[in-house]
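Undergrad: here is a sequence together with a model predicted from it:
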Amino acid sequence: MKYLFITLAFLFALNCKAQYGKISGQIIGIKYSKPFSKVAVLIKKYQRITYADSTGNFTFENLTPSQYLIQVLAKYKPKSELYFDTSFIVNVQKDSTLHLQIKLPDTCQYDKYRKNRRCPICHKKNKVIPIVYGLYIGELDTENYFYAGCTVSYCDPTWYCKTDKYRF
Ligand SMILES: [Zn+2]
């Protein structure tokens with residue numbers, strides 16, 4: 001009995017001395033380094049979840065030195081469609097902070113309209129035509145297509161409402 005007590009005391013002492021590590025990270029866009037806020041960051045094994053703040057920063061403190069599977073989940077809005085989900089393994093060491101920079105594809109305000117041609121201004125579809133990018137060969141069909149030229153970026157509108165002269 002005495003022996004058992006000593007063993008337990010020893011374990012307790014070890015626990016008190018355990019040195020914890022920390023993860024500190026920032027989530028930004030690949031192209032413009034725009035901070036992503038409200039992105040969920042999870043350590044699955046420990047059921048821990050945190051959200052990136054308005055500057056894209058997040059932290060996990062008091063982590064036992066170990067390998068952790070980190071999952072990053074980004075949604076356009078709470079409850080709306082998930083557009084990014086990635087997981088990776090990190091190694092947390094005692095008494096140190098692991099700095100992570102996580103880069104996500106930039107969000108685009110037009111993404112939510114890609115599959116929905118209803119105009120956000122008049123709420124109708126009948127005068128909405130697809131926008132075409134690039135060089136055109138032959139006659140232009142300006143009745144059924146809106147020709148937007150050759151300049152494309154990572155974030156371009158898909159539709160043109162003829163009633164409102166609005167691209168979305
Ligand atoms: Zn419209």
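TA: Received it, and whenever you're ready, just let me know what you need.

Undergrad: so what sits opposite residue 75 in the bridge?
TA: residue 82 (DSSP bridges).

Undergrad: does it touch residue 82 like I think?
TA: Yes: between residue 75 and residue 82 there is a contact under CB atoms under 8 Å: 5.3 Å. Placement of C-beta: from N, CA and C, glycine included.

Undergrad: so the two - more neighbours on which side?
TA: Shown here are residue 75 and residue 82; by other CB atoms under 10 Å, residue 75 has more neighbours (15 against 10).

Undergrad: can you pull the contacts of the more buried one?
TA: Taking CB atoms under 8 Å, 6 or more residues apart in numbering, we find residue 75 in contact with 38, 40, 81-83.

Undergrad: next one: residue 139
TA: Neighbours of residue 139 in contact, by CB under 8 Å, 6+ apart: none.

Undergrad: what's near enough to touch the residue nearest to residue 104 when sequence neighbours are not counted?
TA: In this structure, residue 104 finds its nearest non-sequential neighbour in residue 84, 5.3 Å apart by CB to CB, 6 or more residues apart in numbering. Neighbouring residues of residue 84 by CB under 8 Å, 6+ apart: 72-74, 104-105.

Undergrad: again with residue 37
TA: 51-56.

Undergrad: out of those, which are buried?
TA: With burial judged by 16 or more other CB atoms under 10 Å, the buried subset of the contacts of residue 37 is 52, 56.

Undergrad: among the contacts of residue 37, name the ones in strands.
TA: If you go by DSSP state E, these have residue 51 in strands.

Undergrad: what's the most distant pair in the contacts of residue 37?
TA: 51 and 55 (12.1 Å; CB to CB).

Undergrad: domain boundaries for the chain, per the record?
TA: 2-104, 108-168 (automatic domain parsing).

Undergrad: among those, which is nearest the ion?
TA: Of all the domains of the chain, domain 108-168 sits nearest to the ion, with 3.0 Å by CB to the ion.
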